[in-house]
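Asks: Here is the input, now give the coordinates:
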Amino acid sequence: MTALLLVEDDHELAAMLQRVLGEEGYDVSHAADGHRALHLGLTRSFDVLVVDRGLPAVEGLDLIARLRSRGVGTPVLVLSARGSTSDRIEGLNAGAEDYLPKPFELAELLARLRALTRRHAERALVLRVGDGTLDLTSRTVRRGDGTEVALSEREAALLGLLAARPRQVFSRSELLDQVFDAAESDAAVDTYVHYLRRKLGRGAVRTVRGLGYRMGDL
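Replies: Got it, this is the predicted structure:
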């Protein structure tokens, strides 16, 4: 199921979109203001964000810029009553992938979301790691000098999560939740960090004391 974060302060519109998007198979989370959206965007993984511009607390384009500055590359579609050419350019320059003015047709919104998530899924199969790339399909790291390192399924999943948000620090509990089985302990995370460092070098995963791990330098 596609995880979608809807950031909209118009509660009537948000309720309608939650219902329609849910019927289309999206797992929709809703934030009515920019602060809540920023928290969700930094602590949870989404496949796509739908963001209004005129938000309380943190304006929509400022929200996008803050997420991008923290390494969150989730694709964003902006919904806004501000639909001039300059407004659209401003939204795209802030880091949004698409911009749909209000009022809009639901069929067009759904078509744009399908295209956006499809393009993102295709790009997400190959992630940049340092001066090389991680191919999640073959579970292979190709270094800048052309050498390749094969990873196990879990090693690739762990490195892929870190590489997708290179500036974010993940706690062990977050990594357990997203990569490992819930029944496993923090030791499993530490073990696979050790495996990655052994294969890719100690700098591949950086320890942030008291907080957890983040992407390092290969």
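Asks: Go through the helix or strand bottoming out on mean pLDDT in the chain and flag the buried ones.
Replies: The helix or strand of the chain with the poorest confidence is strand 126-129; it has a mean of 78 (mean pLDDT, DSSP states H and E). Of all the residues in strand 126-129, those buried under the rule 16 or more other C-beta atoms under 10 Å are Leu127, Val129. To be clear about C-beta, it is placed using only N, CA and C from the backbone, and glycine gets the same treatment.
Asks: same question, stretch 186-201
Replies: Those would be Ala188, Val189, Tyr192, Val193, Tyr195, Leu196, Leu200, for stretch 186-201 by 16+ other C-beta under 10 Å.
Asks: hmm, back to that, strand partners of the least confident helix or strand of the chain, parallel vs antiparallel please.
Replies: Within its sheet, strand 126-129 is paired with strand 132-135 (antiparallel), according to DSSP bridges.
Asks: shaky segments in the protein?
Replies: 121-124, 182-183 (pLDDT under 70).
Asks: which residues sit against the longest helix anywhere in it?
Replies: Longest helix in the chain, counting residues (DSSP state H): helix 106-124. Residues from elsewhere that reach helix 106-124 (C-beta atoms under 8 Å, 6 or more residues apart in numbering): 2, 4, 20-21, 24, 26, 47-48, 50, 74-75, 77, 79, 97-98, 100, 136, 164.
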